[in-house]
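Asks: Quick check, what structure comes out for this input:
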Amino acid sequence: MDIKKFIRDIPDFPKPGIIFKDITPLLLDPDAFGWTIEALARGFAWDRIDKVASVEARGFIFGAGVARYLKVGFIPIRKPGKLPYQTIAEEYELEYGTDRLEIHTDAVKAGEGILIIDDLLATGGTALATAHLVEKLGGRVVGIGFVIELAFLKGREKLKDYKIHTLIKFT
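Replies: Got it, this is the predicted structure:
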C-alpha cells in the first residue's frame, strides 16, 4: 500500500520554514492505519520482542497498535512529571537546548527484547534517548521502527548501532 498519499504537508508549522508531516489522514483511514501497524511489526518479524516502547504522543498511537498486533506489553515513555510511579530519566540534545524523557523503573526486566516505535525519525535524539532508557533498565533494544524518516536530517546516523525500519522516506 502506498501510505505516502495519506501524509499531508503543512507548511510553516509549528514555525516558519518547517514543513510538518501530518499523519492525521493516515489515522482516519482504517485500511491505511491497519496496514501501517502491520508493516511496522513485520519489519521485526524474526526478532524476539517482549514489549514495545513509544514516546508520547504520536508514538503512542503506533506503538500501542504494534504491541497489540504482536500480543506484547506496551511501555509509555513520557516527558518529566507525567508518569505516576518511580522513574529514571534520560536527557538529550535538541536543536536549541535539551529535553528529558522518563520511564517507570519496573517497565523493563533485565534481558527483555524491547522494540521502539515512533511516528517520525528526524534527528534521532528522541529515539536514542528512549534506547538509552531501555538499556539503563537492562533491556535489549531489538530495533527501532518509524512510519516516516526525514533522511535529510540524518537521524539514522545517530542510531547506527540499532536495527532501523522505516516505511516512508523523504529525502
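Asks: CA only for contacts and neighbour counts going forward, please
Replies: OK.
Asks: May I have the secondary structure class of the residue nearest the centre of the chain?
Replies: By Cα atoms, centre = their mean, the chain has its centre lying nearest to Asp118, at 1.9 Å. Classification of Asp118 using DSSP: H, G, I helix; E, B strand; the rest coil returns strand.
Asks: Okay, and the nearest residue to it once chain neighbours are set aside sits in which element?
Replies: Closest residue to Asp118 apart from its sequence neighbours, by Cα to Cα, 6 or more residues apart in numbering: Gly59 at 4.2 Å. Assigning secondary structure by DSSP states H and E places Gly59 in helix 58-70.
Asks: okay, that helix in CSV with CA atoms only?
Replies: C-alpha atoms of helix 58-70 as CSV (Å, rounded to 0.1, in the frame of the first residue of the first chain):
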residue,chain,number,x,y,z
ARG,A,58,2.0,10.4,18.3
GLY,A,59,4.4,7.5,19.1
PHE,A,60,1.8,6.1,21.4
ILE,A,61,-0.7,5.7,18.5
PHE,A,62,1.6,3.5,16.5
GLY,A,63,3.4,1.8,19.4
ALA,A,64,0.3,0.7,21.2
GLY,A,65,-1.1,-0.7,17.9
VAL,A,66,2.1,-2.6,17.2
ALA,A,67,2.2,-4.0,20.8
ARG,A,68,-1.4,-5.2,20.4
TYR,A,69,-0.6,-6.8,17.0
LEU,A,70,2.4,-8.6,18.4
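Asks: and that helix, what does it pack onto?
Replies: Contact here means 3 or more Cα pairs under 8 Å, 6 or more residues apart in numbering; DSSP states H and E; on that basis helix 58-70 packs against helix 30-42, strand 51-55, strand 73-77, strand 113-121.
Asks: buried sites along the longest one?
Replies: Meaning helix 30-42. For helix 30-42, a neighbour-count test (16 or more other Cα atoms under 10 Å) marks Ala32, Phe33, Gly34, Trp35, Thr36, Ile37, Ala39, Leu40, Ala41 as buried.
Asks: between the residues you listed, which is closest to Phe6?
Replies: Ala32 (7.8 Å; Cα to Cα).
Asks: how far away is the closest one from Gly125?
Replies: Counting by Cα to Cα, to the nearest Å, the separation of Ala32 from Gly125 is 28 Å.
Asks: And for Val52?
Replies: Computed as Cα to Cα, the Val52 to Gly125 distance reads 18 Å.
Asks: higher neighbour count, the two?
Replies: The residue with more neighbours, out of Val52 and Gly125, is Val52; 29 against 20, by other Cα atoms under 10 Å.
Asks: Which residues are in contact with that one?
Replies: Gly63, Ala64, Val66, Ala67, Val72, Gly73, Phe74, Ile75, Ile114, Leu115, Ile116, Ile117 (Cα atoms under 8 Å, 6 or more residues apart in numbering).
Asks: Thanks a lot, see you next time.
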